[in-house]
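> sequence-free structure coming up:
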Ligand code: COA
């Protein structure tokens, strides 16, 4: 499937962007959009990009689940209801385990399921003016379908996680950084440029190194220290083999010749000529 109706997929070399494109509905995620996201993530993964940026068209990032199309309309038809939600679980599980670096570029409204999407990304660069909220209690449920999991894994403290889950108070992009939802907040006018700078920096890194950095982080969250050390050593040898020892052969060889300062910059690959 590449004829998408609800999203725009752009693959430019080693960087991809998926724009949720229902601006007239604040990019609310309908079953059809969920299905398209499932195929789009596979397409982007198969392109072996280094970075995937997710963003929204218009003045919304994601207005959450489409409350009518996902819940209200199919409520009395259990099979239809389940079908819609299963598409969402499928791409969100894939997003969580995505090999490339995922960046949420939050340009505006970000509610409920939209916060879940941000919470599953690796990096979030957000407009200071964006408005966030766990709105579920405002329509009579709790943050479900994985949203509470992202609350628990992104917000540092119980008193904040439960405060925002229970009150549905909204907050802005700066507060999103403070609460652990976002990596950095910038004025909306600078959002594209700042995100592009981060993408450009990531593109200078080795794709496998980025992938392994994510894998090791995810496992380290669940392991005790000695097990994590063992896992990290094993993964280092896997990384070495997959990169043909690039870190020794190129990076540290270059450092030994004092050609660059690893604290401040990435090594350069020799030209193929
Ligand atoms: N599901 C379905 N439709 C949605 C939607 C959602 N989550 N969010 C917005 N829309 C629709 C609106 O119903 C409206 O449709 P209409 O033109 O047919 O009336 C359209 O998008 C534009 O939204 P509108 O409410 O007019 O824009 P606004 O700028 O005044 O307010 C929001 C924006 C995001 C504050 C408001 O739309 C809202 O509260 N949305 C629901 C947010 C939410 O609780 N999401 C669920 C989390 S799981």
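Alright, I've got the coordinates. Bear in mind the structure is a predicted one, so any value in this text is a computation, not a measurement.
> what's in contact with stretch 243-254?
For stretch 243-254, the surrounding residues in contact (CB atoms under 8 Å, 6 or more residues apart in numbering) are 206, 208-209, 239-240, 260, 262, 267-270. To be clear about C-beta, it is placed using only N, CA and C from the backbone, and glycine gets the same treatment.
> and the residues you listed as TSV, adding neighbour count and pLDDT?
Shown next, in TSV, are the contacts of stretch 243-254 (neighbours: other CB atoms under 10 Å; pLDDT from 0 to 100):
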residue	neighbour count	pLDDT
206	19	96
208	18	96
209	16	96
239	21	96
240	16	96
260	14	94
262	12	94
267	19	94
268	12	91
269	12	90
270	10	86
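> of these, which belong to strands?
Judged by DSSP state E, the subset of these located in strands is empty.
> in a markdown table, list the residues you listed along with distance to the ligand.
Listed next are those as a markdown table, based on distance: CB to the nearest ligand atom, whole Å:
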| residue | distance to the ligand |
| --- | --- |
| 206 | 37 |
| 208 | 36 |
| 209 | 36 |
| 239 | 38 |
| 240 | 44 |
| 260 | 47 |
| 262 | 43 |
| 267 | 44 |
| 268 | 45 |
| 269 | 44 |
| 270 | 50 |
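> the residues you listed in helices, which ones?
Using DSSP state H, the members of these that fall in helices are 208-209, 239-240.
> tell me the confidence at the residue nearest the centre of the chain?
Most central in the chain under CA atoms, centre = their mean is residue 121, positioned 1.9 Å from the mean C-alpha point. Residue 121 carries a pLDDT score of 98 in this model.
> touching, it and residue 54? I think so.
Yes: the pair residue 121 and residue 54 qualifies as a contact (CB atoms under 8 Å) at a distance of 6.6 Å.
> quick check: residues of the stretch 1-150 of the chain near the ligand?
25-26, 28, 63-68, 109, 111-113, 135 (CB under 6 Å from any ligand atom).
> and those residues, which two are furthest apart?
68 and 109 (16.6 Å; CB to CB).
> between the two, which is the more surrounded one?
Per other CB atoms under 10 Å, whichever of residue 68 and residue 109 has more neighbours is residue 109, with 22 against 12.
> what distance do you get for that one to residue 116?
Residue 109 sits 14 Å away from residue 116 when distances are taken as CB to CB, to the nearest Å.
> okay, now the domains of this structure?
Domain assignment for the chain by automatic domain parsing gives 7-203, 207-256.
> contacting residues around the helix or strand where residue 235 lies?
Following DSSP states H and E, one finds residue 235 within helix 225-242. Residues from elsewhere that reach helix 225-242, judged by CB under 8 Å, 6+ apart: 208-209, 212, 215-216, 219-220, 223, 247-248.
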